[in-house]
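[1] what's the 3D shape of this:
(2 chains)
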Amino acid sequence: MVNLIAKSPCHGILPITIGSVTLSEEDVGVIHSVSPYKGQKKALSVAMKSAYGMAYPAANRSAGKAGARIVWFGHAQAMLMGPEPNRELSELAAVVDQTDAWAVVRLEGPAVEDVLARLVPVDLRSTSFKRGHTARTLLFHMSASVTRVGEKAFQIMVFRSMAHTLVHDLKRAMEGVASRS
Amino acid sequence: MRIDGKGLIDRNSPIEFEFDGVSYSGYQGDTLASALLANEQRLMGRSFKYHRPRGVLTAGSEEPNALVTVGQGGTQEPNVRATMQEIYSGLSARSQNRWPSLNFDLLSVNNLAAPFLGAGFYYKTFMWPKSFWEKLYEPIIRRAAGLGALSGQNNSDKYESAYAFCDILVIGAGPTGLMAALIAGRAGADVILADENTLMGGRLLAETDAVDGKAGHIWVDEVLDELRAMDNVRLMTRTTVSGAYDQGTFSALERVLHHTNDRPDGAPLETYWRISAKRSILAAGALERPIAFRDNDRPGIMTAGAVRAYLNHWGVSPGRNITIFGNTNDIHRTARDLLSAGVHVAAVIDSRHDAPLSDDYQVLRGAQVCGSAGRTGLESITVRRASGEDRIHTDCLAMTGGWNPSVHLTCHMNGRPVWDRELAAFVPSPDAVPGMIAAGACNGAFSTAACLRQGIESAKATLTALSLKTPNVSAPDAENAPYEITQLWSVPGRGRAWLDFQNDVTVKDVKQAATENFRSVEHMKRYTTQGMATDQGKNSNVAALAILADATGRGIPETGTTTFRPPYSPIAIAAFGAGAEGSGFKPQRFTTSHHASVARNAPMIEAGLWYRPSYFPKQGETTWRQSCDREVNMVRQAVGVCDVSTLGKIDIQGPDAGAFLDFVYTNVFSTLKVGRVRYGLMLREDGYVMDDGTTARLGENHYVMTTTTAGAGDVMKHLEFVHQGLRPDLDVSFTSVTEQWAQFAVAGPKSRDLLDELIEETIDDESWPFMACGSVQVLGIPGRLFRISFSGEHAYEVAVPASYGASLFDVLSERAEALGGGLYGMEALNVLRIEKGFITHAEIHGRTTAYDVGMGRMVSQKKDCIGKTMSERPGLEEAGRERLVGLKPIGESKQLLAGAHLYNEEAEPVRTSDQGYVTSVCYSPTLETMLGLAFLADGPERYGEIVKMVDHLRGVTTLCEITNPVFFDPDGGRVRG
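    Numbers count the residues shown, from 1 in each chain, chains lettered A, B, ... in the order given. Model (predicted):
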């Protein structure tokens, strides 16, 4: 019997380094969207806290670290990245496997904010967008999730099908920034 | 003429460049204008309408005359201001609007025809015959009158757009802006200081007055050093803030690489910035205005401020024998600078009767310049005094009619400037742009001392507004000379006195407009074209409206200004659209099978943002029809595989999921058994069909809805709206899983044979009857299987997590080929569904109801749903409505065309006898005929009748039989296996 081979969304096109900034694909493990049922947000938060040490995030916030992260993802939705959701979670929230739905990349380097300033219309200065802050916003023409995961590092998520455009747009911005240094 | 020891240019870095094919030399730091003047090349362009010889008028971005074209082919850029273009090694600039050459321009015959070409000439002359305008007049006029031209090729330069955020945006880095930025920076605010020039400093670089006891440019350098050392201050040079928009948003254009030939790959030529600032300080300075007198447009006549700028900033004297004319104390400053640089000043003509006198040069008080002479440059001027007129030889006239504060940005949100009688100028009205303070010369402060003071005050007020501490700073000592203007707009006399150099508008034109009752300043502008084109009247607006005010017997404040709109100075469309050219226009969505499809030479077609294969050509096939027919036959006879991942998939969970689906679908889903799929129809609020698709019940509280590819986003939005806005009482949650699953249709009599090899579970009619669904193991990977069919064949859709999509696609295509089948694309998919009479958005195009598409009975009578009541409106189910039918050609013509209209056989095919229209057509290799789906009046009641299809555009008429839209296998035996 043949085996199916898994391919990541950015297979063959990442990593790239241009100037001081590196764009690489992140293997964050499994990803599940968690949408609390009516009136269950508090209970869900408690359950998550005890299971993963991370509460259900407030709007525009994320928690955790590489390997186990929870990222606010919009109205009544957060992304649990890393840990397998337990049964209790599914009783309190709609839990949907999104592991293969998103291209997850990491953009890192001294000029990372300059690169994102070419594509993302929100204020990502470290004074107003600190580590753990997250935004659902645009990355050029794409709907994206942008999270600061380090002093000079961001996690960016777009639809898997747009991975090619994501890399194209980021590369263009990275080249523009690198050409100035 | 270059002046030794003057200027901020780098004399150790000489640069060679070309203008009109002639080599010149300048220095690093020169603009094209300063370098040409240093080479005594005064003639730089020809005027727009009359092709009059012109030279520089100014030394800044407001330049109306010295426009050149830079670059060749795709990178050719017209209307570049010579005053802004820095020279670099290899620069090649060309003059514009002349033929055959700048010195000898044949079209200057227009100048002789001037008496006929005044204001409103075109409007009056080219009225008739009407048809001549587009074909004859306009092309001729456009050829004769104009500025630079584009190459017509794609622009190969890279442009960039970017966002920036700050506490305080300081616009302009003259004394005011520098002072404000320094204080804001010291207070710890996040500051952006933007200036359109190469060097910051503004007029301090163009004047010789000391600041804080040192030369102006030294003080500037010290301030800049301090600012550069601050992490919280960002200095943006060559950056023109071009517009003020809502909520502290500003646009700005940064000219990144216009100043060099060294353009690394990926480097942008320009960056278009969107800057969000909590507060802003406008320190945009002021623009000097010319005085209108007869023939005041000869090369060599320029503003006095420009003469000082060329002398002090670039070490160039624009003439050897200079005259000065004006109505403020600035003319004496000009004389002083020129004399101290050793340049001969022939005369100083001060229109003020009480002008100060000088021991160093002759001042003609109460005198006016009333004319000039010279062929392609100034040779002499005529001065009028009470005692008579005198001719004075001169090669450069420095003139000043006073200064206009650059109020533009304060007017971008509908603010109107206020007339200041003492300054004889418009100044900004306070708070015209929320959060913006205008300070310095743009606010009517015309001495350096006043500018520095306003810089401090504006910064302090801004810091206070931001609740930041204000450092204690006192203004440095600086020049504080009185301005003392006496209004002088134009010198009376015969001949043409130019107001708007760029559009060749004279004092007479403005008066003519007033005479012909174009008395509103906005009407005068349109009638005369004053204030149009690249300089937008920066040099002429105020003088023109002053003359209009005079001609109409009104005051200047009553006459008012025209409307200042963004951008402040021209911006290339390429900069606005940076990154969005070509395929950057929108994101591209690729399926997991994309690369495999492209590798098989499948032409890809766009479906929304998605790319899908049209067909998979085999060797020997030369037309799409051959491939398509083969693929259709393959599905009908063996098995075909098609990527259907682009269809929208929405995971719906929650205790009220069933109730919610009953509310959004016309039919019932709460009764659907777990493990079964049902076809659903969704209406809009207005009762028309919105979308269709199948929904599977995977668990008690768990459904997966599919939508059309095009409708996925809209349906998701619709569900969210219905939940949040209409039914928040229901406990249900939606998640798009379109991207999570790679899904493939496996269709045809051998589909089960194919899947049997891949799927662990047993698949037979008992465990997987038509419309069954459930979880399966696909080659060891947890997947989903749906027994559904869009082809009418025994078919399945198999889904695996998208990581495995590419791999499964390869396996499926290989196995299908082994069974005598293979891949099929959108064309075959379309034929298969037309043969079965299945609808797509070609049929549910937004103007059809469930009744129209033959699904009226799907609107359940047992429950309410979105759109139900509205679908029962009078008229939506009445006789005569166009309803879905099938069409088969029966006459001589066998051709059916989508978009064609239907008429009764004997009727004249005109609008009033229209019976309906064709929505989808195909050639059916199965039935060996063309088939069509159409909407026809009372269609389903007319099966067997003949109707005439007429395509008026393509000239095709075909007689058709009206049939049931289900052409093939009407009892559905094949789909059940």
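[2] Which residue ranges of chain A form helices?
    Assigned by DSSP state H, the helices in chain A fall at A:41-52, A:87-92, A:112-117, A:163-178.
[3] Quick one: closest of those to chain B.
    Nearest to chain B, of all the helices of chain A, is helix A:163-178, at 2.8 Å by C-beta to the nearest C-beta. (Each C-beta comes from the backbone N, C-alpha and C, glycine too.)
[4] CA atoms of that closest one as PDB?
    The C-alpha trace of helix A:163-178 is given here as PDB (Å, rounded to 0.1, in the frame of the first residue of the first chain):
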ATOM      1  CA  ALA A 163       0.900  30.700   1.000                       C
ATOM      2  CA  HIS A 164       2.400  31.600  -2.400                       C
ATOM      3  CA  THR A 165       1.100  35.100  -2.400                       C
ATOM      4  CA  LEU A 166       2.200  35.500   1.300                       C
ATOM      5  CA  VAL A 167       5.700  34.600   0.500                       C
ATOM      6  CA  HIS A 168       5.600  36.800  -2.700                       C
ATOM      7  CA  ASP A 169       4.400  39.800  -0.800                       C
ATOM      8  CA  LEU A 170       6.700  39.400   2.100                       C
ATOM      9  CA  LYS A 171       9.700  38.900  -0.100                       C
ATOM     10  CA  ARG A 172       8.900  42.000  -2.000                       C
ATOM     11  CA  ALA A 173       8.700  44.000   1.200                       C
ATOM     12  CA  MET A 174      11.900  42.400   2.500                       C
ATOM     13  CA  GLU A 175      13.700  43.400  -0.600                       C
ATOM     14  CA  GLY A 176      12.500  46.900  -0.400                       C
ATOM     15  CA  VAL A 177      13.700  47.300   3.200                       C
ATOM     16  CA  ALA A 178      17.000  45.500   2.600                       C
END
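[5] related to what we said a few turns ago, would TSV of the helices of chain A with distance to residue B:525, mean pLDDT and mean neighbour count be doable?
    Shown next, in TSV, are the helices of chain A (distance: least, C-beta to C-beta, whole Å; pLDDT from 0 to 100; neighbours: other C-beta atoms under 10 Å in any protein chain shown):
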stretch	distance to residue B:525	mean pLDDT	mean neighbour count
helix A:41-52	60	96	16
helix A:87-92	67	95	15
helix A:112-117	38	98	23
helix A:163-178	39	97	23
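[6] tally of neighbours for the residue in chain B positioned nearest to chain A?
    Using C-beta to the nearest C-beta, residue B:266 is the residue of chain B that sits closest to chain A, at 2.8 Å. Neighbours of residue B:266 under the rule other C-beta atoms under 10 Å in any protein chain shown: 18.
[7] Show me which residues of the stretch 201-350 of chain B are close to chain A?
    Residues of the stretch 201-350 of chain B found near chain A (C-beta under 8 Å from any C-beta of the partner chain) are B:256, B:264, B:265, B:266, B:267, B:268, B:271, B:274, B:276.
[8] make it 7 Å
    Proximity of the stretch 201-350 of chain B to chain A, by C-beta under 7 Å from any C-beta of the partner chain, involves residues B:264, B:266, B:267, B:268, B:276.
[9] Now do the same for the fourth one: helix, strand or coil?
    Secondary structure of residue B:268, reduced to three states by DSSP: H, G, I helix; E, B strand; the rest coil: coil.
[10] Next, the contact list for it, please.
    Residues in contact with residue B:268, defined by C-beta atoms under 7 Å, 6 or more residues apart in numbering or on different chains, are A:176, B:158, B:159, B:160, B:256.
[11] of the residues you listed, closest to residue A:12?
    residue A:176 (23.7 Å; C-beta to C-beta).
[12] which residues of chain A fall in strands?
    Under the criterion DSSP state E, chain A contains strands at A:16-18, A:21-25, A:30-36, A:62-65, A:68-74, A:77-82, A:93-97, A:102-108, A:134-139, A:142-150, A:153-159.
[13] and what of the stretch 401-550 of chain B?
    With DSSP state E, counting those that start in this stretch as the criterion, the stretch 401-550 of chain B has strands at B:403-405, B:418-420, B:425-427, B:436-438, B:498-500, B:505-506.
[14] circling back to that earlier point, per-residue pLDDT, the residue of chain B closest to chain A?
    Here the pLDDT value assigned to residue B:266 is 90.
[15] separation between it and residue A:174?
    Distance, residue B:266 to residue A:174, using C-beta to C-beta, to the nearest Å: 8 Å.
[16] Could you do residue B:198 as well?
    27 Å.
[17] ok so, going back, compile the strands of chain A into JSON lines and extend it with columns for mean pLDDT, distance to residue B:451 and mean neighbour count.
    Formatted as JSON lines, the strands of chain A follow (pLDDT from 0 to 100; distance: least, C-beta to C-beta, whole Å; neighbours: other C-beta atoms under 10 Å in any protein chain shown):
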{"stretch": "strand A:16-18", "mean pLDDT": "98", "distance to residue B:451": "43", "mean neighbour count": "16"}
{"stretch": "strand A:21-25", "mean pLDDT": "98", "distance to residue B:451": "41", "mean neighbour count": "19"}
{"stretch": "strand A:30-36", "mean pLDDT": "98", "distance to residue B:451": "57", "mean neighbour count": "22"}
{"stretch": "strand A:62-65", "mean pLDDT": "94", "distance to residue B:451": "48", "mean neighbour count": "19"}
{"stretch": "strand A:68-74", "mean pLDDT": "97", "distance to residue B:451": "48", "mean neighbour count": "21"}
{"stretch": "strand A:77-82", "mean pLDDT": "98", "distance to residue B:451": "53", "mean neighbour count": "24"}
{"stretch": "strand A:93-97", "mean pLDDT": "98", "distance to residue B:451": "61", "mean neighbour count": "24"}
{"stretch": "strand A:102-108", "mean pLDDT": "98", "distance to residue B:451": "43", "mean neighbour count": "23"}
{"stretch": "strand A:134-139", "mean pLDDT": "98", "distance to residue B:451": "40", "mean neighbour count": "20"}
{"stretch": "strand A:142-150", "mean pLDDT": "98", "distance to residue B:451": "41", "mean neighbour count": "20"}
{"stretch": "strand A:153-159", "mean pLDDT": "98", "distance to residue B:451": "42", "mean neighbour count": "22"}
